[in-house]
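K.L.:
When you get a sec, could you give me coordinates for this:
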Amino acid sequence: MRRGVVLAGLAVLGMVLTGCPPTYPNCSSDEHCKERGEVCVQGKCQECATDANCKEGFVCEGNKCVPKPECTPTGNECGPGKRCENGRCVEQMGARSGCTTDADCPAGQTCQAGQCVSGRAGGGECSYQPIRFEFNESSLTADGRAQLDRVAECIKRENARLTLEGHADERGTEEYNLQLSNRRAESVKRYLVTLGVKGEQLNTVGYGETRPAVNGSSEEAWSANRRVEFRQ
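P.N.:
Below is the predicted model:
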């Protein structure tokens, strides 16, 4: 009789334990991860299992949603004069070496003797054109640095005070793009300070994807929106 009571008690205990969901991050179905917006992958709650679990513009890598690469080594997304490197379209060496006018050269360079070379503002009117960035990058390009060389001389000559406004394209989450836009603004500030601009003359702010320069979901629009603008 006593043995029967013990067995019955164990059976009830087993039923109770079976009805309890696993403790996070353990799981046995997506339902156990739903509250956190995750999915169950091999018994663990993860951010994603496939690209379908990620927001548009992101892909699933290592069960984490990361920005989708701009290009692939075997694709032709970059077009003529560019190649795919680490998921980004970059100019091939020598692609812009020849020129006939300044318009043939990247921003911050001038055409001299048929070659694009970095030029500084010297005298003349200052122009604070936006600094462009590569996809998912906050580091400055060679064109961006050359452009900032000219901007630094303008700031020092005019003793200007500027706000550096960082922006991102629409791809990615709002939180991620806000952080990226802040990093871009800080990157511009750091470079200007290395050129002799006083840090107190520069304020930084990030707007993420909320203030596009060009509306649209094309590479042309995305490229225009990855930028830092100058406000006096």
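K.L.:
now Cys65, nearest residue through space, not along the chain?
P.N.:
Closest residue to Cys65 apart from its sequence neighbours, by CB to CB, 6 or more residues apart in numbering: Cys54 at 3.8 Å. Where you see a C-beta, it was placed from the backbone N, CA and C, and this is true even at glycine.
K.L.:
Domain map for this protein?
P.N.:
25-67, 120-231 (automatic domain parsing).
K.L.:
hmm, back to that, assess the claim that the residue nearest to Cys65 and Val39 are in contact.
P.N.:
No. Proximity of Cys54 to Val39 does not meet the contact threshold set by CB atoms under 8 Å, at 10.7 Å.
K.L.:
which residues are common contacts for those two?
P.N.:
Common contact partners of Cys54 and Val39 (CB atoms under 8 Å, 6 or more residues apart in numbering): Glu47, Cys48.
K.L.:
I'd like to know which of the domains of the chain is closest to Cys84.
P.N.:
Proximity to Cys84 (CB to CB) singles out domain 120-231 among the domains of the chain, at 11.0 Å.
K.L.:
before we move on, the earlier item: and the gap between the residue nearest to Cys65 and Glu47?
P.N.:
Counting by CB to CB, to the nearest Å, the gap from Cys54 to Glu47 is 8 Å.
K.L.:
who touches both of those two?
P.N.:
Counting by CB under 8 Å, 6+ apart, the residues touching both Cys54 and Glu47 are Cys60, Cys65.
K.L.:
Run through the residues that contact the closest residue to Asn63 other than its chain neighbours.
P.N.:
Nearest residue to Asn63, sequence neighbours excluded (CB to CB, 6+ apart): Gln46, at 3.8 Å. Listed by CB under 8 Å, 6+ apart, the contact set of Gln46 reads Cys33, Glu38, Val39, Cys40, Asn63, Lys64.
K.L.:
what are the ranges of the strands in this protein?
P.N.:
39-41, 44-46, 58-61, 64-67, 82-85, 88-91, 109-112, 115-118, 131-132, 162-166, 202-206, 227-231 (DSSP state E).
K.L.:
which one of those is the most hemmed in?
P.N.:
Each of these was scored by mean neighbour count; the highest is strand 131-132, a mean of 23, by mean count of other CB atoms under 10 Å.
K.L.:
Given that one, what are its sheet partners and their directions?
P.N.:
The strands beside strand 131-132 in its sheet (DSSP bridges) come out as strand 227-231 (antiparallel).
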